[in-house]
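> starting from these lines, generate the structure:
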Amino acid sequence: MGSPVALIQQCSLWNCETGLRPYCSEEHSTFAVNGEASNTAIHIAGGLNDPVIIEISTKCLRAKMLSIACGIPVLPVAVLTTNPWQQGETFLNRQLHPEESKRNWVLFSDINSPEMTNIWTTYHTMRVAPNIRCRRWYLQHEAKSAEGFFRLTQFSLIGLPVALYWLLFTPTVRGVPGAFMPLPRKEDKPKPRRDRKRNPPQLADKRKNKKTGAAVYTQ
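Residues are numbered from 1 along each chain as shown. From the prediction side, this is the model:
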């Protein structure tokens, strides 16, 4: 992963590493502005690994803080509060290439909308760069499907009202986007009951009477 200094010197377009600011060319300046006006999340066939995602997120959040276009669109929070299995093609292009084993979508949207917890559960938060935190979200059991796996990663910068989101999809069958096939419902396991059987006379407890000291047999 690039050093903080290298990130500051890079072209502001999200996927360009050329060391020239704010943009390495007029073309990339145009791509960055037009990309932010898109109504669809950027999709990355094959996905990216975590170190690269952290590097891109750090660069884009800092560009956003400086009001510099980075090419990633800001989408309505509905893309985060609606089960991805039940979304159409409005925000997410789920048409996988043959043999595609995973896909990322990247977008900006509201930070920590309360409605996200209707379908997502967060497990941990960690610091990945100065003032930048990463939070993982997983679909709740009722929102999962047997035909693939979704995971949401949120990157936020202190003072910025939006966050950068990476949605990862791993299909059960390569190249097949799958459909919403709910998992079997989890049933609460009954707590084991303790049978309080009365002791038979021959196994009666022997206790001493506190007043007389005599043995007392209880049944």
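> quick one: residues in contact with the helix or strand encompassing residue 123.
Secondary-structure assignment from DSSP states H and E places residue 123 in strand 120-129. Residues from elsewhere that reach strand 120-129, judged by Cβ atoms under 8 Å, 6 or more residues apart in numbering: 4, 54, 57-58, 80, 133-140, 143, 152, 155. The way it works is simple: take the backbone N, C-alpha and C, and place the C-beta from them, glycine included.
> stretch 34-43 too?
Stretch 34-43 is contacted from outside by 13-14, 69-75, 79, 90-93, 103-107, 167, using Cβ under 8 Å, 6+ apart.
> chain center to it: distance?
Relative to its chain's centre, stretch 34-43 lies at 20 Å (Cα atoms, centre = their mean, to the nearest Å).
> that stretch spans what distance, first to last residue?
Start-to-end span of stretch 34-43 (Cα to Cα, to the nearest Å) is 16 Å.
> show me where this structure has its strands.
Assigned by DSSP state E, the chain shows strands spanning 42-45, 103-110, 120-129, 132-139, 148-157, 162-171, 205-208, 215-218.
> quick one: residues contacting the most centrally placed residue in the chain.
Residue closest to the mean C-alpha point of the chain, counted by Cα atoms, centre = their mean, is residue 152 at 2.3 Å. For residue 152, the contacting residues are 80, 120, 136-138, 165-168, by Cβ under 8 Å, 6+ apart.
> neighbour count and pLDDT for the residues you listed - can I get that in a markdown table?
Below are these laid out as a markdown table (neighbours: other Cβ atoms under 10 Å; pLDDT from 0 to 100):
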| residue | neighbour count | pLDDT |
| --- | --- | --- |
| 80 | 24 | 95 |
| 120 | 22 | 97 |
| 136 | 15 | 96 |
| 137 | 20 | 96 |
| 138 | 16 | 97 |
| 165 | 25 | 98 |
| 166 | 24 | 98 |
| 167 | 21 | 97 |
| 168 | 17 | 97 |
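> ok, those vs residue 183, which is closest?
Distance ranking of those against residue 183, using Cβ to Cβ, places residue 138 first at 13.0 Å.
> quick one: the helices in the protein, in order.
In the chain, the helices defined using DSSP state H lie at 4-9, 26-36, 50-65, 78-81.
> wait, which of those helices is closest to residue 174?
helix 50-65 (21.4 Å).
> can you give the contact residues for the closest one?
For helix 50-65, the surrounding residues in contact (Cβ under 8 Å, 6+ apart) are 1-2, 4, 7-8, 10, 12, 14-15, 48, 69-70, 72, 104, 106, 108, 128-129, 132, 134, 153, 155-157, 159-160, 162, 164, 166.
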